[in-house]
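Peer 1: Here is a sequence together with a model predicted from it:
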Amino acid sequence: MPEFQARYFDGLRAVAHDVRVSLDALGLTITRADGQLDRWGRDEVAVKPGSENEPAFRVISSRAPGAQLVVEDAAAIHALTSTLASLRGRARRRHAGYWLGLSAGALAVVAAIVIGIDRLPEWAAPLVPAEWEAWFGGRVIDSLAREGGFCREAAGQAALDDLAQRLSAAAGLDKPVRVRVINWKIVNAFAVPGAQIGVLRGLIEHAQSGDEVAGVLAHEIGHVVHRHPTVGMLRQMGLATTVQLLLGGSGTGVQDAAGFGQTLLTLSYGREAEAEADATALEILGKAGLDAHGLNRFFARLQKEGDVESSTPSLLLSHPPTAERLAATAQAPNGAPALTPAQWQALRTICE
């Protein structure tokens, strides 16, 4: 693999170190007289071309903010850019080969993309890697919080985390769902890929008890259990785009995540999916020993208020409670309160 000389700046001091850089299949090794200085992976580095006034190329790494390599030799620049391009191309081809070769089922998914089978997203959802779901879901919620930010009051978040942990355990999840509150006054909550839930400030302010919040959270966890967010992602983004991103294609994932986040606010999963989430929510609340009437009470009140005000609360757009759903979730008050009075008060002030 190529080797060349460069100058290294650590980003902390305006001092250049003369270093030797070697390229291998994994990336760059930067060494100097006293031994190895650093190691930058091939997917972590970016090359900034020089200009007419400053012809030297600069190499930066996402692992070392502020640090940079300055490369001036033309032959070294050519070796660096061509070798990195070749290494990344091979990595993408290996990645693509791995996913396309997973199983005959994966090949069937690719074939089904062409003919557009309606239920294909449900078949494809289990093939999406958990790491990618977590990456994408996190960016969906981050994109929605860009305008108002997150509500982070410590006691309120602790109460919410405690509730999420109990509900997740009752649902049989390997680890608790991550719940974050976004500072929007809209009445809504939604699950995203990667076992993550966004709760908008308006929902907490509109709820009349911790049991109602617990009911909505349990419903969203029901969507997580049945992988509805990933299925919805595949439907909304389009399978071709999703497969392209999975195979290391275009870098439009963040923009797509932002668009999907906006869509989630009014995305309806359909009656079958909502019924599944409702039934799972009641089961989760029962196993957790909590009052299972909160979900029905919250939806029924929102629906009544919407009729009176001739406007539809946004939660009803994404989770329309039909008469059948309201009847199916009607429960006699039972179980323990979801939150103590102190926890409920803390959650109510999480955005203050």
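Peer 2: Arrived safely, thanks for sending.

Peer 1: Residue 35: what's it in contact with?
Peer 2: Contact analysis of residue 35 by Cβ atoms under 8 Å, 6 or more residues apart in numbering lists nothing. Heads up, the C-betas are built off the backbone N, CA and C, glycines and all.

Peer 1: any idea how far it lies from residue 61?
Peer 2: Between residue 35 and residue 61 the computed distance is 19 Å (Cβ to Cβ, to the nearest Å).

Peer 1: repeat for residue 226
Peer 2: Distance from residue 226 to residue 61, by Cβ to Cβ: 40 Å.

Peer 1: same deal with residue 271?
Peer 2: For residue 271, the distance to residue 61 - Cβ to Cβ - is 50 Å.

Peer 1: Neighbour count for these two, which is higher?
Peer 2: Legend: neighbour count by other Cβ atoms under 10 Å for residue 271 and residue 61, higher for residue 61 (20 against 12).

Peer 1: quick one: that one and residue 29, what's the gap?
Peer 2: Per Cβ to Cβ, residue 61 is found 12 Å from residue 29.

Peer 1: same question, residue 233
Peer 2: For residue 233 relative to residue 29 (Cβ to Cβ), the value is 38 Å.

Peer 1: now swap in residue 59 and tell me
Peer 2: Counting by Cβ to Cβ, the gap from residue 59 to residue 29 is 13 Å.

Peer 1: and these two? which has more neighbours close in?
Peer 2: residue 59 (23 against 18).

Peer 1: Doesn't the more buried one belong to a strand?
Peer 2: Yes - assessed by DSSP: H, G, I helix; E, B strand; the rest coil, residue 59 belongs to a strand.

Peer 1: which strand residues sit across from it in the sheet?
Peer 2: Listed by DSSP bridges, the beta-bridge partners for residue 59 are residue 47, residue 69.

Peer 1: Next one, pLDDT for it please.
Peer 2: Residue 59 carries a pLDDT value of 82.

Peer 1: and if you look at the one 4 residues further on?
Peer 2: Model confidence at residue 63, expressed as pLDDT, equals 69.

Peer 1: And residue 310, by the same measure?
Peer 2: For residue 310, the pLDDT comes out at 41.

Peer 1: need the contact list for residue 287.
Peer 2: For residue 287, the contacting residues are 170-171, by Cβ under 8 Å, 6+ apart.

Peer 1: Distance-wise, check it relative to residue 157.
Peer 2: 24 Å.

Peer 1: Neighbours of the spatially closest residue to residue 325 that is not a sequence neighbour, how many?
Peer 2: Residue nearest to residue 325 in three dimensions, not counting chain neighbours: residue 278, with 5.9 Å by Cβ to Cβ, 6 or more residues apart in numbering. For residue 278, the count of nearby residues is 24 (other Cβ under 10 Å).

Peer 1: can you confirm residue 278 is in a strand?
Peer 2: No - assigned with three-state DSSP, residue 278 falls outside any strand and is helix.

Peer 1: wait, isn't it in contact with residue 222?
Peer 2: Yes - using Cβ atoms under 8 Å, residue 278 is in contact with residue 222, at 6.9 Å.

Peer 1: Could I get the buried residue list for stretch 278-292?
Peer 2: Buried residues in stretch 278-292, counted by 16 or more other Cβ atoms under 10 Å: 278, 280-286, 288, 290-292.

Peer 1: Turn the residues you listed into TSV, including secondary structure.
Peer 2: Below are the buried residues of stretch 278-292 laid out as TSV (three-state DSSP):
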residue	secondary structure
278	helix
280	helix
281	helix
282	helix
283	helix
284	helix
285	helix
286	helix
288	coil
290	strand
291	coil
292	coil
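
Peer 1: Make CSV from these and add pLDDT and distance to residue 201 to it.
Peer 2: Listed next are the buried residues of stretch 278-292 as CSV, based on pLDDT from 0 to 100; distance: Cβ to Cβ, whole Å:
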residue, pLDDT, distance to residue 201
278, 90, 24
280, 95, 26
281, 93, 22
282, 92, 26
283, 94, 28
284, 96, 24
285, 94, 23
286, 93, 29
288, 95, 25
290, 94, 23
291, 88, 23
292, 88, 25
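
Peer 1: Sweet, I'm off.
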